[in-house]
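Colleague: based on what follows, work out the 3D shape:
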Amino acid sequence: MKRKDETMRSICISIISFALVLAWTGTAWTEAQPQDKKASVGQQDREHTEGRALLRRLNRIEYNNTINDLLGIDIKVLDRLPQDGSAYGFDTVDVGLDLAGPTLERYMEAAEVALDAALAHGPRPATLKSRFEINEKTKDLSSKGRPLERQLFTFRCLIESDRVVYFFKDFISPPETWRVFHSGRAPVAGRYTYRIKASSYQQVNDQLISYLVYAGELRRGATDARYVGAFDVAEEPSVAEFTVYQNAGDTIRFLPYGVSDQPRNFNLKKPEEYPGSGLGVHWIEVEGPITPWPPVSYTRLLGEVNLDQGSLADAESVLRRLLPKAFRRPVGEDEVKLYVELAGSGLKQGRTFEDALRLGLKAVLCSPDFLYLKTSPGRLNDFELACRLSYFLWSTMPDDTLLELATKGQLGTPDALHAQVERMLNDPRAHAFTENFTGQWLNIRDVFATTPDMSLYRDYDDLLGQSMVQETHLFFEEMLKGDRSLLEFIDCDWSFLNERLAQHYGIAGVKGQSFRKVDLPADSHRGGVLTQASVLKVTANGLATSPVRRGAFVLDRILGTPPRQPPEDVEAIEPDVRGATTIRAQLAKHRENGGCANCHRQIDPPGFALENFDVIGHWRDRYRIYANDQAGLGNGPRQTKDGALVDSADELARKGKFGNIDEFKTLLLQDEKQIARGLTEKVLIFATGHKIESADRDTLEKIVAAVQAKAYGFRTLIHEVVQSDTFRNK
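Modeller: Just a heads-up that it's a prediction; the model follows:
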């Protein structure tokens, strides 16, 4: 049987590879070009005849979303897929998304996992529905042979009659550490509902007590910990409920917030004498997987076909029904025949109907017509337009409404496109646009790529990091929802904050960890994306800020005028965290290199404008540096002190001087059209999967003019992009 499996796997790969060669020779295997390199005459001729955008495959996120929507399943296969290439700032761009041999193998593995979920049948899999009374469970446990009640200090907790109280925020998840919740691990993959009953313990100075919840594979050394949210508690117990996707073996972890750091030399013998506040957890409930049985996917895929005793005709009916949806267009008889014959070859070798059908289905899910977004030269037909629209705004395949309009030939009219964009932006699936566009345009995906130096930035914590991302996402969605002026990406008097982020920004009056729209004080120095902590963190390295890095970010992402790459022989500036020299003095010396001066006259001023914000986006008047005194190094946190005053003043060419970030933003807003032009270019690249060519410039300027005439509305910009010739042509 093993030899048969290997043989059929080889046949499947051969057929898919052969289809790739026949269908896409010369288009799928394109090398990425540097952004500033002009296309050759031959390339320009090819793009004139074949269209501006090259063939591109679905990226990892698009593939995962598409396979779930196609089959009616809910799985995560991102970790099984290779990392995507990125070009011109996005992982939706054609030249960054090829498909090599080893990559195809990974997609076949992902398809197998998807089919396992879609074709699940037989007895209902194990389910879990349990309540864990935390205090009752912990009383029965022991540590190193001693009763838990005698280990209270070690565990930093207090057992009461109806709850367990946790005192310190550096506490590792009790369910994981005590092995209480091991029986609460997900038995199979699926969506699980959790409920946690919790309350506060002797609140001090009205300090709000919360807890953070993570879900995933939370064993020691595991990195798959997905943030679920932050939940507030009060003296009166309350129940928080949430539903998350879990792989088999996953569980949850909760971390107290608003309680103390563990005090040094804490020697209270009785936890009940502890004077501080705590988080009291009463019980945890878990229920799942939450899915009908047999799953919806089984009926959707098979219809009336019996998986245990089907025939070749049954396989053909399944494949014939699936192929148009999988390929997102009508299919011909020759195409159907190819996949039916593959299933038939399995039956001829004596394989079961299910195994034979899987061969055909797997080939569909790994075929170029599924993995690639195929477009013909010239004007996109309605099916191609439906795909471009759905992967732009939803990062997944077109839904039934789009495909029905395409089938009737009714999608391509301006009114129909406008109506569909409105419908899609109002759909929850549009959150994919928020995550994937801001994640790359503003680099928000990299918020957790670096960990701040905790000696210099001790006020950073998990909740702050998660709150940074949520502010940017909510801000972006409000811009879309309200068709607000895209100039507000530069400056505005509002944002979305919770208590943790408001505290970080020095803004009073925001209580609780739920987010709400907040009017910013005039003296807050906040407003717009440049002063959001998420952007400020991703443009720093965790140890020190760099005006060069931040300045290049502003030029590229905000103004659409990226600086040239530095010469290879120029060394990077290393931050001086001991304050012997300021970054301004270091850059002044750096500019003595004649090859650097011209570029740095453009790059440095926007970077200096942001220098009052530290590595984690906190406002500073002085740099925070290591003390010259070496005492205590290696034995606890390193000593720090205030360094030199921050000097954020500089001058923008042809615009004038500025003294701080507020004056800098005022200067930027003098050139409204360039701000609109820069953002329009980014949206067009993301939406069409191709860089901006010289032939696109007229279209780009038309979009900018149309948006300008409508008060620079951001939702208007999305509509104008979709209606443009660049979007509607290959």
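
Colleague: output stretch 662-669 as CSV, restricted to C-alpha atoms.
Modeller: Extracted C-alpha coordinates of stretch 662-669, given in CSV (Å, rounded to 0.1, in the frame of the first residue of the first chain):
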residue,chain,number,x,y,z
ASP,A,662,3.0,69.0,15.1
GLU,A,663,4.7,71.6,12.9
PHE,A,664,6.1,68.8,10.7
LYS,A,665,2.6,67.4,10.0
THR,A,666,1.4,70.9,9.1
LEU,A,667,4.1,71.1,6.5
LEU,A,668,3.3,67.7,5.1
LEU,A,669,-0.4,68.7,4.7
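
Colleague: and that stretch, how far from the chain's centre?
Modeller: Going by Cα atoms, centre = their mean, to the nearest Å, the spacing between the C-alpha centre of stretch 662-669 and its chain's C-alpha centre is 30 Å.

Colleague: i'd like the first residue to be 432 from this point on
Modeller: Yes, from this point I'll number from 432; that puts the last item at stretch 1093-1100.

Colleague: residues making contact with that stretch?
Modeller: 918, 921-922, 956, 958-959, 961, 989-990, 1036-1037, 1040, 1079, 1083, 1086-1087, 1089, 1106 (Cβ atoms under 8 Å, 6 or more residues apart in numbering). C-betas here are computed from N, CA, C, even on glycine.

Colleague: ok, and for that stretch, which residues are buried?
Modeller: D1093, F1095, K1096, L1098, L1099 (16 or more other Cβ atoms under 10 Å).

Colleague: stretch 745-765 too?
Modeller: Neighbour count says stretch 745-765 has 745-750, 753-760, 762 buried, by 16+ other Cβ under 10 Å.

Colleague: leaving out sequence neighbours, find the closest residue to G660.
Modeller: Excluding the flanking residues, the one nearest G660 by Cβ to Cβ, 6 or more residues apart in numbering is V644, at 6.1 Å.

Colleague: that neighbour belongs to a strand?
Modeller: Yes: judged by DSSP: H, G, I helix; E, B strand; the rest coil, V644 forms part of a strand.

Colleague: I figured it hits V659, correct?
Modeller: Yes: assessed by Cβ atoms under 8 Å, V644 is found in contact with V659 at 4.1 Å.

Colleague: overlap of the contact sets of the two?
Modeller: F673, I683.

Colleague: restricted to strands, list the contacts of stretch 1093-1100.
Modeller: Judged by DSSP state E, strands contain the following of the contacts of stretch 1093-1100: L1083, G1087, F1089.

Colleague: any idea what K1088 is bridged to?
Modeller: Beta-bridge partners recorded for K1088 (DSSP bridges): E1082.

Colleague: that one and F1039 touch, don't they?
Modeller: No: if you go by Cβ under 8 Å, K1088 and F1039 don't touch, sitting 11.5 Å apart.

Colleague: between these two, who's got more neighbours?
Modeller: F1039 (26 against 12; other Cβ atoms under 10 Å).

Colleague: let me know the pLDDT of the more buried one.
Modeller: At F1039, the pLDDT value in this model is 95.

Colleague: what separation do you get for it and A1140?
Modeller: As judged by Cβ to Cβ, to the nearest Å, F1039 and A1140 stand 35 Å apart.
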